[in-house]
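Asks: Here is my input, please return the structure:
(one chain, ligands or ions: 1)
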Amino acid sequence: MSDYMKSINGTQINYYFICKTKLWLFSHNIQMEQESDNVSLGKQLHETSYKKEKEFLIDNLINVDFIKNKDPIEIHEVKKTQSMEISHEYQLLYYMYYLKKEKDISNTVGYLNYQNIRKQIEIELTEEKEEELETVLNDIKSIVDSDVPSPKKSRICRKCAYFEFCFA
Ligand code: SF4
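Replies: Numbering: from 1, shown residues only. Alright, predicted model coming up:
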């Protein structure tokens, strides 16, 4: 992996699919102190539903909700709703990709756990998905290296911490 690819974190992958403005602001360390209700609810979910599990921080970059040492090794992410499933999928694919490229661990399978609807989705890092992910990583670089993208109002804006920055 290039140094740049190695510096991308799961939140940036997530924001790439949610909003390019949000991705740019976050990537340039412009962060809002106020947390949205969504973030708080996400944190509560972790605290109540998965109390026994420990988060794994890899290279101070990859923050995996929990890992089960099975064959294959299970990489788990816990999510609140399925509304942003594609961003969740690519976040998890990136974790598996990172483990493969940087730690030589390719015997993995990913799981998205939608706790409030008791649903689990299996994610596999296929060659095709790897190529798609590399396109996403390169695209993130070009967005972050360019001027801030103009905000585009959508249904998610009202819950976004950057709302006032974008539209006040
Ligand atoms: S308020 Fe909307 S446009 Fe602005 S960063 Fe958040 S999601 Fe993106």
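Asks: State the phi and psi torsions of Tyr111.
Replies: Backbone torsions of Tyr111, given as degrees, to the nearest 10, read phi -130, psi 130.
Asks: So what's the residue count around it?
Replies: The number of residues packed around Tyr111, counting by other Cβ atoms under 10 Å, is 17. C-beta coordinates here come from the backbone N, C-alpha and C atoms, glycine included.
Asks: cool, the one 5 residues further on as well?
Replies: As a burial measure, the neighbour count of Asn116 was computed by other Cβ under 10 Å and equals 12.
Asks: swap in Thr126?
Replies: Applying the criterion other Cβ under 10 Å, we find 10 residues in the vicinity of Thr126.
Asks: Then Lys80?
Replies: The burial metric for Lys80, expressed as a neighbour count using other Cβ under 10 Å, is 18.
Asks: cool, and Asn29?
Replies: When neighbours are counted by other Cβ under 10 Å, Asn29 registers 6.
Asks: On the three-state scheme, it is what?
Replies: Here Asn29 is recorded as coil under DSSP: H, G, I helix; E, B strand; the rest coil.
Asks: Would you map the strands across this structure?
Replies: With DSSP state E applied, the chain shows strands at 56-58, 62-64, 66-68, 73-79, 108-114, 119-123, listed in chain order.
Asks: Note down every partner strand of the fifth one and its orientation.
Replies: This points to strand 108-114. The strands beside strand 108-114 in its sheet (DSSP bridges) come out as strand 73-79 (parallel), strand 119-123 (antiparallel).
Asks: Against Glu77, how distant is Glu127?
Replies: When distance is defined by Cβ to Cβ, to the nearest Å, Glu127 is 22 Å away from Glu77.
Asks: Could you check which of the two is surrounded by more residues?
Replies: Taking Glu127 and Glu77 together and counting by other Cβ under 10 Å, Glu77 has the greater number of neighbours (21 against 7).
Asks: where does the more buried one land on pLDDT?
Replies: On the pLDDT scale, Glu77 is placed at 93.
Asks: Please shift the residue numbers so they start at 772 in all later answers.
Replies: That works, and once the first residue is 772, the last one we named lands at Glu848.
Asks: Thought Gln886 was touching it, still the case?
Replies: No: in this structure, Glu848 sits apart from Gln886 without contact. The criterion is Cβ atoms under 8 Å, and the distance is 10.7 Å.
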